[in-house]
Each structure stands twice: as structure tokens, then as C-alpha cells.
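Trainee: Sharing a model that was predicted from the sequence below.
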Amino acid sequence: MSRSAAALTVRALDGVGEIEPGTDLAAVLAPLADLSDGDVLVVTSKAVSKAEGRVMHTDKQAASAAETERPVAVRGSTAIVRTRHGLVMAGAGVDDSNTPPGSVVLLPLDPDASARTLRERLLADASVNVAVVVTDTAGRAWRLGQIDLAIGVAGLEVLHDYAGTVDGYGNTLQVTAPAVADEIAAAADLVKAKLAGLPAAVVTGLADLVLPAGSHGPGAGALIRDESSDLFGYGARDAVLLALRGEPADLRGFGAPCDAGTLVVHLERLEPPVSVRPCEGRVSVGGMDQAVRARLVAAAFACGWTVDPGGAADELLLRPGG
């Protein structure tokens with residue numbers, strides 16, 4: 001798939017009006033969008049959620065807790081969590097803005113399914129083959145401010161992988177993979193505006209990225225990094241505290257267990273006098289007192305390893321967690 005677009009047009013849809021539970025988004029947006037084959041329709045998750053009845057009259061904190069799969073980092077009143085969708089967001093994406101006082105808007109139950117439904121309706125009712133991107137706002141770990149990203153996608157390859165291609169200097173690209181769907185979401189946010197009541201936009205000029213009718217692609221779920229390869233499953237402070245606590249359920253946030261050789265290196269650096277050696281898929285540690293043992297257990301936990309109860313009385317035997 002090529003990326004040859006020389007110019008893009010991004011325009012907000014005016015006149016959408018208030019979205020309520022049961023609103024037919026396809027019927028509302030199609031007349032305003034003047035869509036053509038190859039366009040990308042971008043819609044905020046809040047509009048989708050309102051139409052799908054995901055407005056709750058409840059406390060925001062309680063709603064966020066209900067939508068949270070596990071915490072990632074907590075600082076005072078700010079809680080970054082992993083939602084049951086796999087998204088990492090502040091407050092589980094629960095929003096109390098642009099909704100009546102006393103109510104909150106939750107994320108769609110299945111954003112990719114919402115995008116597919118809207119795309120299929122537009123094809124059936126307006127006879128246009130477009131891609132649909134459902135967006136939400138999120139922060140970035142290393143930068144101030146927020147951007148819109150894609151949480152639901154239909155009809156678009158969400159990631160354009162350049163790995164294996166060769167640049168103009170003959171270098172083979174290894175990990176270059178633009179998150180196309182997120183780039184589109186961020187571009188559309190520039191024209192939608194947060195307080196202008198413009199929940200949708202159309203991006204024109206990316207027809208080469210839009211899939212044929214009936215082919216929806218992998219969806220935005222394909223952009224969610226698997227926990228086993230997540231290098232930032234917890235905030236720094238949270239990771240230390242959870243490693244010291246050592247609850248098995250918290251292991252998942254530390255990613256896949258490191259290999260035995262790497263664990264040996266870490267433990268030897270932490271406590272050079274101790275005896276550490278691999279042992280048939282396990283790691284055996286000897287020559288330590290109880291205070292040192294506690295430190296090594298916590299360090300091993302952070303590396304994805306837990307205590308194997310089969311060790312000798314004077315031995316700390318470790319095994320990969322899971």
C-alpha cells in the first residue's frame with residue numbers, strides 16, 4: 001500500500017446538533033458530509049457513546065472504577081488506568097464535559113464494532129465506500145498536552161509498516177511503522193474544536209489507504225500494545241510499590257519475564273556477594289540473610305519472576321511468573 005498523497009483536506013461537519021441516545025448517526029452525518037469514495041469520516045467517541053446510550057447518571061469516580069481493568073499510575077486525584085478495552089487513559093476515558101450536570105459519558109462498549117456499523121450504514125444508505133475512525137483524547141507519557149487518537153476503526157489499515165523496505169541511502173528500515181489511524185485522528189481534531197459542537201470531520205486525500213467495501217481491516221484494537229511487551233506497564237513509583245507488595249495479580253503490568261541469564265545479572269548487581277545461578281529453568285540464589293532475600297524477591301518480581309516453593313530451606317528458588 002502506497003503513501004503517495006500530496007495534499008489532504010480536513011473539514012469539520014457543521015450542523016450536527018445534539019446527539020442523544022438512539023440518534024441515528026449515519027442519517028445525521030451523511031447529508032452534512034457530502035462523502036465520496038475514499039474519504040475518511042472521523043467521529044468523536046463521545047458522539048458515538050451518546051448515540052449508543054452510554055450516558056450514565058452517576059459519579060465520575062465510580063464510573064471510572066467500573067470501567068478500569070487495572071491501575072497503571074496514580075498521583076493524587078489523577079489515575080491513569082488500563083480500561084477493559086486495553087486502552088491506557090486518565091480516568092478510564094470517562095468524561096463529564098459536554099454532558100448534563102450529574103451525568104458522565106463512558107467509552108463505547110466496542111469502538112471497532114461501532115466504526116464498522118457506521119461504515120456499513122453509509123455504504124448501504126449513501127452508496128459510498130469510506131473509512132470510519134472513532135476518536136478519543138489521551139495524553140502522552142513524555143509530553144505535555146493531549147491529542148486525539150483512534151479507538152475504533154473500520155475500512156483502514158491502522159498501521160503502515162515500512163519494516164524491510166530500503167531508504168534512499170540503501171538502509172533497510174527496521175521498526176518504522178506510522179500509526180496512520182492515530183495521525184488521522186489528530187489531524188481531524190484540529191478542525192473539530194472542543195467547545196464548538198463539531199464532533200465529526202472528513203479527511204480527503206487518503207483514498208489509497210481506504211480498504212474495499214466489505215473489508216474492514218484489523219480495527220484500532222491492533223494498535224494496542226500487548227501487555228507482555230509493554231515497557232511502561234506501571235508508573236515508576238507504582239512499579240516499585242507493587243514489586244515490594246508482590247501480589248501475583250500485579251505481575252501482568254511488568255511484562256513478559258526476562259530470561260534467566262538476564263535475571264542472574266540483575267540480582268548479582270543488586271547484591272554482589274550472593275550466589276546466583278540458573279537451574280533447569282529456574283534461578284537459585286544462596287548465601288543471603290532475610291533482609292537481602294526480601295530485596296531479591298522484589299527485584300525478581302519486577303523482572304517477572306516469583307518464588308518457587310520447591311527451594312531448599314537455605315535457598316531462594318525463583319521461577320518465571322505467569
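Mentor: Good, I have the coordinates. Values in this document were obtained by computation on a predicted structure and should not be read as measured data.
Trainee: what's the first-to-last distance across stretch 43-55?
Mentor: With CA to CA, to the nearest Å as the measure, stretch 43-55 spans 17 Å from end to end.
Trainee: Name the residues that touch it?
Mentor: 16, 19-25, 29, 93, 95, 98-99, 103-109, 111, 114, 118, 132-136, 148, 151-152, 192, 199-200 (CB atoms under 8 Å, 6 or more residues apart in numbering). All C-beta atoms are positioned from the backbone trio N, CA, C, and that covers glycine.
Trainee: what do you get if the cut-off is 7 Å, keeping everything else the same?
Mentor: Applying CB atoms under 7 Å, 6 or more residues apart in numbering, the contact partners of stretch 43-55 are 19-21, 23, 25, 95, 98-99, 103, 105-108, 111, 114, 132, 134-136, 151, 192, 199-200.
Trainee: now stretch 128-135
Mentor: Contacts for stretch 128-135 (CB under 7 Å, 6+ apart): 35-37, 39-45, 48, 108, 111, 114-115, 118-119, 122-123, 148-156, 181, 184-185, 188-189, 210, 213.
Trainee: Tell me where the model's unsure across the chain.
Mentor: 1-5, 162-163, 175, 194-195 (pLDDT under 70).
Trainee: if we can go back for a sec, tell me which of the contacts of stretch 128-135 fall in helices.
Mentor: Counting by DSSP state H, these place 45, 48, 111, 114-115, 118-119, 122-123, 181, 184-185, 188-189 in helices.
Trainee: Now for the residues you listed: which two are most distant?
Mentor: The distance between the two most remote of the ones in helices among the contacts of stretch 128-135 (CB to CB) is 25.3 Å, for Leu123 and Asp189.
Trainee: Give me the more crowded residue out of the two.
Mentor: Between Leu123 and Asp189, counting by other CB atoms under 10 Å, Asp189 is the more crowded of the two (21 against 17).
Trainee: Quick check: beta-bridge partners of the closest residue to that one other than its chain neighbours?
Mentor: Leaving aside its chain neighbours, Asp189 sits nearest to Asp148 (3.8 Å; criterion: CB to CB, 6 or more residues apart in numbering). Asp148 forms beta bridges with Thr137, as assigned by DSSP bridges.
Trainee: how about the helices in the protein?
Mentor: 25-33, 45-51, 60-67, 111-126, 180-192, 236-245, 260-270, 290-302.
Trainee: So which bits of the second one are buried?
Mentor: In other words, helix 45-51. For helix 45-51, the buried set under the neighbour-count rule, 16 or more other CB atoms under 10 Å, comprises Ser45, Lys46, Ala47, Val48, Ser49, Lys50, Ala51.
Trainee: What about the spatially closest residue to Val74 that is not a sequence neighbour, how many residues nearby?
Mentor: Using CB to CB, 6+ apart and skipping residues adjacent in sequence, the residue nearest Val74 is Asp238, 6.6 Å away. A count of nearby residues for Asp238, using other CB under 10 Å, gives 18.
Trainee: Correct me if wrong: Asp238 contacts Ala79.
Mentor: No: taking contacts as CB atoms under 7 Å, Asp238 lies outside contact range of Ala79: 10.4 Å.
Trainee: any idea how far the closest residue to Thr58 other than its chain neighbours lies from Ser49?
Mentor: Leaving out its chain neighbours, the residue that sits closest to Thr58 by CB to CB, 6+ apart is Val104, at 6.4 Å. Taking CB to CB, to the nearest Å as the measure, Val104 falls 10 Å from Ser49.
Trainee: Also Leu270?
Mentor: For Leu270, the distance to Ser49 - CB to CB - is 47 Å.
Trainee: same question, Val16
Mentor: Distance of Val16 to Ser49, given as CB to CB: 14 Å.
Trainee: Same question for Val283.
Mentor: Distance of Val283 to Ser49, computed by CB to CB: 47 Å.
Trainee: show me the contacts for Ile224.
Mentor: Gly86, Leu87.
Trainee: Point to the residue nearest the middle of this structure.
Mentor: Nearest to the mean C-alpha position of the chain, counting by CA atoms, centre = their mean, stands Leu87 at 3.4 Å.
Trainee: What's the separation between that residue and Asp136?
Mentor: Look at Leu87 and Asp136: by CB to CB, they are 8 Å apart.
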